[in-house]
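**Q** Structure for the following, please:
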Amino acid sequence: MIAVILASERLDRLYTGLSLLVSTAAEGEPALGLATFGALGPLLDDSLHDRALRTPGLSETGRATFARSLVALRDTAAELPDCRIWACAAAVETTGAEVGGRLDGVLSTPRFLRAAADARLVVV
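**A** Residues are numbered from 1 along each chain as shown. Sure, this is the predicted structure:
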């Protein structure tokens, strides 16, 4: 099992975290994610594709590929039965984020860490 704390608002780091979750879950291994302060906004953003098109340091063609792939990773993570991503309770409370149906709900960090006790833990 892998557990990924998605902490950064940087989309390249979110991409990396989602890649870890999706590739692990696609192999049939449980993959747990917790979206904290920085990553929560981009994960919930209905305009993530447009946001990703503004990622610095990428070529014009690269931005389009990156944006398409990032949205696909987010959508695939939501569809895989072995992949679960929760919103951090403190982040939701302090930012007023509306989780809706995009994530698996809201979970505190201590509860997430208990659920992921036997997992390889990664923070991105």
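**Q** Can you name every helix or strand that the helix ranked longest in the chain contacts?
**A** Longest helix of the chain, by residue count under DSSP state H: helix 60-79. The contact analysis (3 or more CB pairs under 8 Å, 6 or more residues apart in numbering; DSSP states H and E) places helix 60-79 against helix 11-26, helix 48-52, strand 83-88. Quick note: C-beta positions are derived from backbone N, CA and C, even for glycine.
**Q** Just put these in a markdown table and tack on distance to G41 and mean neighbour count.
**A** Listed next are these as a markdown table, based on distance: least, CB to CB, whole Å; neighbours: other CB atoms under 10 Å:
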| stretch | distance to G41 | mean neighbour count |
| --- | --- | --- |
| helix 11-26 | 10 | 20 |
| helix 48-52 | 9 | 17 |
| strand 83-88 | 11 | 24 |
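**Q** buried sites along the longest helix of the chain?
**A** Neighbour counts over helix 60-79 (16 or more other CB atoms under 10 Å) mark 63, 66-67, 70-71, 73-74, 76-78 as buried.
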